[in-house]
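**Student:** 3D, please:
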Amino acid sequence: MSELVTGEAVALELRPARLPSRALAVLLDLVVAVVAYIAVSVGLLMATASLDQAAQTAVSIATFVLILVGAPIAVETLSHGRSLGKLVCGLRVVRDDGGPIRFRHALVRGAIGAFEILLTFGVVACIASLISARGRRLGDVFAGTLVVRERVPVARTGFIAPPPPGLAGRFSGLDLSAVPDGLWLAVRQYLARTRQLDPQVGRAMAERLAGDLAARTGAPVPPGVPPADYLAAVLQERQAREVRRVFENGKGSAVGPAGQPAGGSAAGASYVPPAVPVERAAPPGGGSAQPAPARGEGASAESPATGFVPPA
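**Tutor:** Now for the predicted structure:
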C-alpha cells in the first residue's frame, strides 16, 4: 500500500515546465556553450595555424558538434536530466513515466535540438512547446521525455478537513485493531494533500484506500458514502479513541488502586504501626515466658503496655 501511494504521489508531483522557464534555461546553457566554444576555437586556431584550410574547417566543425551538441548530451546523461541552466531554473528532464533519462533519451533530444534550437534559433522549439499541452518540444516528443519543475512551492498540508456532520460517530463500532500503521499513514497523507491531486486520480486513490480499510475492519463502505468522506470519518474515529485512551491512562496514573492518590496516603489518614508482642521475662519457678498482652487486650490502665515487666 505504501509503495502504491508513494508511486502515485511522485507521478502527481511532476509539474511540466512552461515556455518562459525553459527558454531561460536554454539561454543559460547556450551562453555557457558559446563561451566554451569560442575559447576552445581560439585555442585550436592557434594550435592548427600550420594546417591547410580544409583541415582547419574540419577541426572547426568537429569542435562545433562536440561542444554545442555532444556536451549537452553528455551533461544531461551524467546529471540525469539536469543541465546548468535547468539547475538554476529548478527544472529537470525526466521520462514520460517520471523516471530518470538515459543516454538514448539525451541523444535524441540533443540531435533534434540542434535543428529546432540552433539552426532555427529556437523558433521551431517555441512553436512546438506552445502547441503541446505539456510544453514539450519535438526532441521531447521523439525521445519520450518531459521537462518538469523540481522546485515547487510547498503548500500547507497539515490540515485535514473533518468529515460531514452526518458521519460523526457513525463508525464507533468498527474494530480498528487489525489496521496497520502503514495504512493509517497512507490515509492521513491522502487526506492532507487531497486538494493537490488531480480529481480523477484522487477518486481512484480514495476508492483503493477505502477498499483496503474496509477489508481490514471487516465492514464494507456504507452505500452512498463517498470514499474520501469514509476515510475522513474512520480516521476521526481512530483519533477520538486515541484521545480517550490517553486521557484514561493519564487519569488512572494519578489515582492509586484503592482510590487514593498515587504516591501517598489518603488525606487525614495517619500511619499506625502494627503491634509487636513483647515476651515477658521468665519467672523464677522456671515457667515459660508468656507474651505480653497487646495494647487494649487485658492491659490495665495503670500499667500501659510499654514493654516493662515488674519483677514477680
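**Student:** Please count neighbours and contacts with C-alpha atoms only from this point.
**Tutor:** Noted.
**Student:** Could I get the average pLDDT for the longest helix anywhere in the chain?
**Tutor:** Under DSSP state H, the helix in the chain containing the largest number of residues is helix 19-47. Averaged across helix 19-47, pLDDT comes to 91.
**Student:** Report the central residue of the protein.
**Tutor:** Gln189 (7.8 Å; Cα atoms, centre = their mean).
**Student:** Low-confidence stretches in the stretch 1-150 of the chain?
**Tutor:** Applying pLDDT under 70 to the stretch 1-150 of the chain flags residues 1-14.
**Student:** could you pull out the strands for it?
**Tutor:** 15-16, 91-95, 145-149 (DSSP state E, counting those that start in this stretch).
**Student:** List the buried residues in stretch 28-45.
**Tutor:** Going by neighbour count (16 or more other Cα atoms under 10 Å), the buried part of stretch 28-45 is Leu28, Asp29, Leu30, Ala33, Tyr37, Ser41.
**Student:** nope, stretch 109-125 is what I meant
**Tutor:** Neighbour counts using 16+ other Cα under 10 Å place Arg109, Gly110, Ile112, Gly113, Ala114, Phe115, Glu116, Ile117, Gly122, Val124, Ala125 of stretch 109-125 among the buried residues.
**Student:** where's the third one relative to Arg22, distance?
**Tutor:** Taken as Cα to Cα, to the nearest Å, the spacing of Ile112 relative to Arg22 amounts to 16 Å.
**Student:** Look up which helix or strand the residue nearest to the centre of the chain falls in, please.
**Tutor:** Gln189 belongs to helix 181-192 when elements are defined using DSSP states H and E.
**Student:** Now for Val42: which residues touch it?
**Tutor:** When the contact criterion is Cα atoms under 8 Å, 6 or more residues apart in numbering, Val42 has no partners at all.
**Student:** and the gap between it and Thr48?
**Tutor:** Distance from Val42 to Thr48, by Cα to Cα: 10 Å.
**Student:** And Arg92, by the same measure?
**Tutor:** Plainly put, Arg92 is 38 Å away from Thr48 if you go by Cα to Cα.
**Student:** returning to what we had before: okay, the residue nearest to the centre of the chain: pLDDT?
**Tutor:** Note for Gln189: predicted pLDDT of 83.
**Student:** Return the set of buried residues in stretch 172-192.
**Tutor:** Within stretch 172-192, the residues that qualify as buried by neighbour count (16+ other Cα under 10 Å) are Leu176, Leu183, Trp184, Ala186, Val187, Arg188, Gln189, Tyr190, Leu191, Ala192.
**Student:** and it, how far apart are its ends?
**Tutor:** Using Cα to Cα, one end of stretch 172-192 lies 22 Å from the other.
**Student:** How far off centre is it?
**Tutor:** Averaging C-alpha positions (Cα atoms, centre = their mean, to the nearest Å) puts stretch 172-192 16 Å from its chain's average.
**Student:** Cool, thanks, signing off.
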